[in-house]
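Asker: Make a model of this:
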Amino acid sequence: MTSNSEISKIQNNPGRKIKGLSDSTFIDFESWPTPDEGALSEKYRTHYLKRKNAVKMYLNGCPENILREKYGFGRSQIYRLITERCMQIHPDGLIYGWRGLIPNLRIKPYSRNKPIKIDEFGNGAAGVMQSVLDLHPELRASFEKRIFKSPRQDQLGEAKRPRLALWKWFLDELQKLGYKQRNQWPFNTQNMGYVTVSNYINNVLEDNPKKAARVLGGPDIEKKLISGDGVNRPVVTIFQRVEMDAHKIDGRFCVMMPSLDGDYVQKIIHRIWVIVILDTCSRAVLGYFLSMGKEVSKDDVLRTIKIALTRWHRRILSFSDNVYQEGAALPSGISDNYVGICWDETSVDGALAETCKHVESILNDVVGSTLITPKSGFSSRRSKDDRPFIESFFRNLSSKGFQRMSNTTGSKPSEKKGRDSDKVAYTSQFQLEYVDDLLDVLIANYNATPHSGLGHRSPLDFIQFIYSRPDTALRRADTNSVQGILTYRKKCRVNGNLKDGRKPYVNFEGARYTNETLQQRFDLIDKFIWVVNHLEDDARVVQASTLDGQILGVLRAGPPWHKLPHSLRVRRAINAALRKGKFLISSNVDAVEAFIEYSESQHDGKLPVHPTYLEIRRILAQQANQNIGQTVLDAALMLASQNTPDGPSMKAEVKKSSITDTDTLPPRRMAVSD
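Answerer: Numbering: from 1, shown residues only. So this is what the prediction gives:
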């Protein structure tokens, strides 16, 4: 074998010129593509290295007698190795280079030169398919076009074309060319060339994986095939990029609706969404929201963002006292350092991107985050499902959570395994409130579970590990801006008439609002003022100001919107039901209360639970949580105990009394209006 010193001695000789090589950029053979020589067998590696050193010596001008003596190759053999193997184009677009010297490596596809003559045993048909297609290039083009043909999304066509249909079409075309009349292949074989044609179809699809994905799986699979894994857009620190998506929970649940006879009637909920914001660096869930609408709305997305920026608290659960793991929480629940933390980029999929168009300004102004959609940034080259971390989280949430229970619908019908999920929800009375509690536990425990991709740290531990570095700088959102994420501002005309004795008021989103201050401002009649819904779950009160910024105070809604708390979304749905004649209300009846009675009166099971009813239940339950706890009397006793000698005993008594009162509550509060 020739050493490098021997090769250097020959460098003094002028190198040989080869057509197509000497006048190209490939003259520097040291930069040729190289195979993994260690992967070759001992026999093949010895033969490969002998060829490689012979080519190097030849290109450096080594005489033929030395080449034959040391390597056993003549100049003509080496010349053919270079031109017919090394200089050929590889499928990756480069030349084969040194890869072309691997023994038994086929550079060009097999081409039959002899006439086709098949014997009685079926032998002698090697390369017959290529020979036939070479004779009829128009048939090759038509056949491959038919293999790749798939209907457009808005076009009616054959979505799946089996190989049998393609084979029959190919036989028909050959019959038109007279092959059957001349008893030529494939009509002179037992299987009519079916195996050969099927192998050709497979080879064509393998050579064009993108088109094959569209043919075999449709447009979505074609997009998934080119989805990225994040390697070219690395995230180097926490809160740099988050992924946000919505997931429909695989399960059937019920609500207990009071009936006229004093009992409760169960109704099944068929669709519940959970919207999640997940940090891609730490894999931690920053916030989530449980939506009960038919589809995810912009308000649901805004609520998720607001929850991610506010403090998280553990729930008082009715089904267990120790179900939370040690350290289970959301980042905002473990330390004040993570309350209101902003992130730089928000990645969403194609479906949620349309909804997020309305919240893009909120993300930019409050969070300082850029919205990344499939139509912008790196996602423009990817599929709409190019968010691997949150998709993996949803798979784990389903497989390790709701799909473990018998009321699950599964990700596909076969996962039901014969169980009736609706019946299970009826018999178990798996209520909506339990879903909310269980989801909070699952997400909090996930954040405290070690992750193999984080060095077996939990997402919360990883956040604290990165935060402890001195070079980590985090941004925080303004508290007032966070509280105002779901505010709704609108210009409203002030109505009234001094001559008729009608005090000034405004109509805002289907309700009449006024207060003592506005009632004295007759100068504002027929002028516009700003009305702001500042409490997203209580539209009974709004803030008002003049166009030049003078505060008019808090306006209160008049009947029938003055009793129960509700959101503007609930009010719009109720007004829509009123316009359709679903039910009627009078001026002295609360509209929300009337809607609840209407929903609860549908006890025949024919109507599904209306999403607005579920939204009202959530608001009333939230209001009840705020009202249950330390009463005014408890606060007064606590304050008095601090000024008396027996203060500690009084505190203990008050605390004991409070705990006793709380323990007497039922495990689940029904949506009952008084």
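Asker: what stretches of the stretch 501-650 of the chain score poorly on pLDDT?
Answerer: Confidence mapping of the stretch 501-650 of the chain against pLDDT under 70 gives the ranges 582-617, 623-650.
Asker: in it, which spans are helices?
Answerer: For the stretch 501-650 of the chain, helices defined by DSSP state H, counting those that start in this stretch occupy the ranges 516-519, 568-579, 591-600, 611-627, 632-641, 647-663.
Asker: And the contacts of the shortest one?
Answerer: Under the criterion C-beta atoms under 8 Å, 6 or more residues apart in numbering, residues 494, 503, 504, 505, 506, 524, 544, 552, 553, 555 lie in contact with helix 516-519. Quick note: C-beta positions are derived from backbone N, CA and C, even for glycine.
Asker: is it true that the fifth one touches residue 524?
Answerer: Okay, so that is residue 506. No. Under the criterion of C-beta atoms under 8 Å, residue 506 is not in contact with residue 524, lying 9.4 Å apart.
Asker: Need the residues touching each of these two.
Answerer: Overlap between the neighbourhoods of residue 506 and residue 524 consists of 494, 518, taking contacts as C-beta under 8 Å, 6+ apart.
Asker: So which of those two has more stuff around it?
Answerer: In this view residue 506 and residue 524 are compared by other C-beta atoms under 10 Å, and residue 506 has more residues nearby, 24 against 21.
Asker: quick one: contacts for that one?
Answerer: The contact partners of residue 506, taken as C-beta under 8 Å, 6+ apart, are 492, 493, 494, 495, 512, 513, 514, 518, 529, 531, 544, 555.
Asker: what do you get for residue 481?
Answerer: By C-beta under 8 Å, 6+ apart, residue 481 lies in contact with 365, 366.
Asker: what comes up buried for whatever helix or strand it lives in?
Answerer: Assigned by DSSP states H and E, residue 481 falls within helix 479-483. Neighbour counts using 16 or more other C-beta atoms under 10 Å place residue 482 of helix 479-483 among the buried residues.
Asker: Remind me what the helix or strand that that helix is followed by packs against, helices and strands.
Answerer: Under the assignment DSSP H and E, the closest C-terminal helix or strand after helix 479-483 is strand 488-497. Applying 3 or more C-beta pairs under 8 Å, 6 or more residues apart in numbering; DSSP states H and E, one finds that strand 488-497 contacts strand 502-508, strand 528-533.
Asker: and the angle for the first one with strand 488-497?
Answerer: Using axes from the mean of the first three to the mean of the last three C-alpha atoms, to 10 degrees, the interaxial angle of strand 502-508 with respect to strand 488-497 works out to 150 degrees.
Asker: Alpha carbons of strand 502-508, as CSV, please.
Answerer: Output for strand 502-508, consisting of C-alpha atoms alone and laid out as CSV, is shown next (Å, rounded to 0.1, in the frame of the first residue of the first chain):
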residue,chain,number,x,y,z
ARG,A,502,-85.4,61.2,31.2
LYS,A,503,-82.1,61.2,33.0
PRO,A,504,-79.0,60.5,31.0
TYR,A,505,-78.0,56.8,30.4
VAL,A,506,-76.1,54.8,27.8
ASN,A,507,-76.9,51.5,25.9
PHE,A,508,-74.0,49.2,26.1
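Asker: Identify each buried residue in it, please.
Answerer: For strand 502-508, the neighbour count (16+ other C-beta under 10 Å) marks 503, 504, 505, 506, 508 as buried.
Asker: Return the member of these nearest to residue 99.
Answerer: When the buried residues of strand 502-508 are compared for distance to residue 99, the smallest value, 74.3 Å, is given by residue 508; criterion: C-beta to C-beta.
Asker: The closest one contacts residue 542, correct?
Answerer: Yes. Residue 508 is within contact range of residue 542, at 6.3 Å (criterion: C-beta under 8 Å).
Asker: Now do the shared contacts for these two.
Answerer: Shared contacts of residue 508 and residue 542, defined by C-beta under 8 Å, 6+ apart, are found at 531, 533, 555.
Asker: Looking at those residues, state which has the most neighbours.
Answerer: Taking other C-beta under 10 Å as the neighbour criterion, residue 555 ranks highest of those with 25 neighbours.
Asker: need the contact list for that residue.
Answerer: Applying C-beta under 8 Å, 6+ apart, we find residue 555 in contact with 506, 508, 513, 514, 515, 518, 531, 541, 542, 543, 544.
Asker: out of these, which one sits closest to residue 121?
Answerer: Proximity of the contacts of residue 555 to residue 121 was ranked by C-beta to C-beta; the top entry is residue 508 with 90.1 Å.
Asker: Show me the strands in the stretch 301-450 of the chain, by range?
Answerer: All strands of the stretch 301-450 of the chain, identified by DSSP state E, counting those that start in this stretch, fall at 345-347, 370-372.
Asker: what would those strands look like in a markdown table with distance to residue 82 and mean pLDDT?
Answerer: As requested, the strands of the stretch 301-450 of the chain are exported to a markdown table (distance: least, C-beta to C-beta, whole Å; pLDDT from 0 to 100):
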| stretch | distance to residue 82 | mean pLDDT |
| --- | --- | --- |
| strand 345-347 | 50 | 89 |
| strand 370-372 | 49 | 86 |
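Asker: Among these, which comes closest to residue 537?
Answerer: Ranking those by their distance to residue 537 (criterion: C-beta to C-beta) puts strand 345-347 first, at 24.2 Å.
Asker: what's the closest one in contact with?
Answerer: With C-beta under 8 Å, 6+ apart as the test, strand 345-347 has contacts from 240-244, 277, 280, 356, 363, 367, 369-372, 379, 387.
Asker: By neighbours, which of the residues you listed wins?
Answerer: Scoring these on neighbours with other C-beta under 10 Å, the highest-scoring entry is residue 242 at 30 neighbours.
Asker: Please name the residues that touch residue 196.
Answerer: Residue 196 makes contact with 125, 128, 129, 186, according to C-beta under 8 Å, 6+ apart.
Asker: Can I get the buried ones among the residues you listed as something I can paste into PyMOL?
Answerer: Selection of the buried residues among these in PyMOL, burial being defined by 16+ other C-beta under 10 Å:
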select buried, resi 125+128+129+186
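Asker: In TSV, list the contacts of residue 196 along with distance to residue 308 and pLDDT.
Answerer: Formatted as TSV, the contacts of residue 196 follow (distance: C-beta to C-beta, whole Å; pLDDT from 0 to 100):
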residue	distance to residue 308	pLDDT
125	66	77
128	65	84
129	59	87
186	64	88
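Asker: So which of the contacts of residue 196 are in helices?
Answerer: Secondary structure from DSSP state H places 128, 129 of the contacts of residue 196 in helices.
Asker: What is the nearest of the contacts of residue 196 to residue 562?
Answerer: Proximity of the contacts of residue 196 to residue 562 (C-beta to C-beta) peaks at residue 129, which lies at 81.8 Å.
Asker: Could I get the contacting residues of that closest one?
Answerer: 193, 196, 197, 199, 200.
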